[in-house]
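# Next one to model:
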Amino acid sequence: MREDGWDDLIMRVESFCCEYDIIMPDMSAPYKKSTRACEQNITNEHYYRVKTLNTLIDFQLAELDSRFTNNSLEFLILSATFDPRDNFRSFKREDVCNLVLRFYPHDFTSYDMFALDMECGYFLADIQKDPRFANTTTVSDLCRRLVESRKSAFFPIIYRLICLVLTLPVSTATTERTISSMNIIKNKLRNKMEDEFFDDLMVLYIEKVIIEKEFADSIDNDSVIAKFEVSGPRRIRFS
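I've put the predicted structure just below:
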């Protein structure tokens, strides 16, 4: 975005301004702070590009560096190769192979790596010309449409890798939730279970908590109160 994203951003801003009849500032004109010209004698483009956009990018990068480890950032960058937006513009064969070598070396054999390299050579051209993938916007949508179109059978190694990437939300659940789940599952009466069985229970428990939270968020409080009121006479009304 810092190096080559400015022109595309300006084009989108100009299109937005034209659509809603908004005056677009002249990027080559001197930047004015309030009603007076800026003492630094810079243009509007310099102000919005260097002092606003680049500063915001630096702030976001600093926040990412403080929140994620280098391994997590590398994983996010490499897994972004499956981003289907802009007609799979981000897809790169080398990123796909590096993703496997770096994070899933025990899940793929040497033969799988050879097959993966072959699949990457045909995957992009095949998906881009298929209208069923035209409006795909997320990796989960890509995975679902691969199954619906039965292309998961033509690209089984890529499909398996995408499924592994989609397990990230479960494997990176918040530390607080994980610790509390561990205390509930492996208590004093069940402190000798095997690690493999314990891992399976952890995944099931966290998934259960996530599903229950989504269900609870979908319930309207007013409907619960109304149902409770009509269930019997009350001393006071809730609404």
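# so Ser79 sits right up against Val165, yeah?
Yes: look at Ser79 against Val165 with C-beta atoms under 8 Å: they come within range, at 4.9 Å. All C-beta spots, glycine's among them, are computed from the backbone N, C-alpha and C.
# Give me the common contacts of those two.
Common neighbours of Ser79 and Val165, counting by C-beta atoms under 8 Å, 6 or more residues apart in numbering, are 99, 139.
# mind listing what Phe154 touches?
Asp126.
# Give the helix, strand or coil label for it.
Three-state assignment for Phe154 (DSSP: H, G, I helix; E, B strand; the rest coil): coil.
# Residue ranges of each domain in this structure, please.
Here the domain parsing of the chain from automatic domain parsing is 6-67, 70-168, 173-226.
# Most tightly packed of the ones you listed?
Greatest average neighbour count among those goes to domain 70-168 (a mean of 15), per mean count of other C-beta atoms under 10 Å.
# before we move on, the earlier item: how about the domains of the chain in CSV, adding mean pLDDT and distance to Gly232?
Compiled in CSV, the domains of the chain are given as follows (pLDDT from 0 to 100; distance: least, C-beta to C-beta, whole Å):
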stretch, mean pLDDT, distance to Gly232
domain 6-67, 81, 50
domain 70-168, 90, 44
domain 173-226, 64, 13
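# I figured Met24 hits Ser15, correct?
No: the criterion here is C-beta under 8 Å, and Met24 misses it with Ser15 at 9.9 Å.
# All the strands of this structure, residue numbers only.
Taking DSSP state E as the test, the strands found in the chain are 32-33, 36-37.
# Any idea how far apart the tips of stretch 131-142 sit?
13 Å (C-alpha to C-alpha, to the nearest Å).
# Would you pull up how far it lies from the middle of the chain?
Put simply, stretch 131-142 sits 14 Å off its chain's centre (C-alpha atoms, centre = their mean, to the nearest Å).
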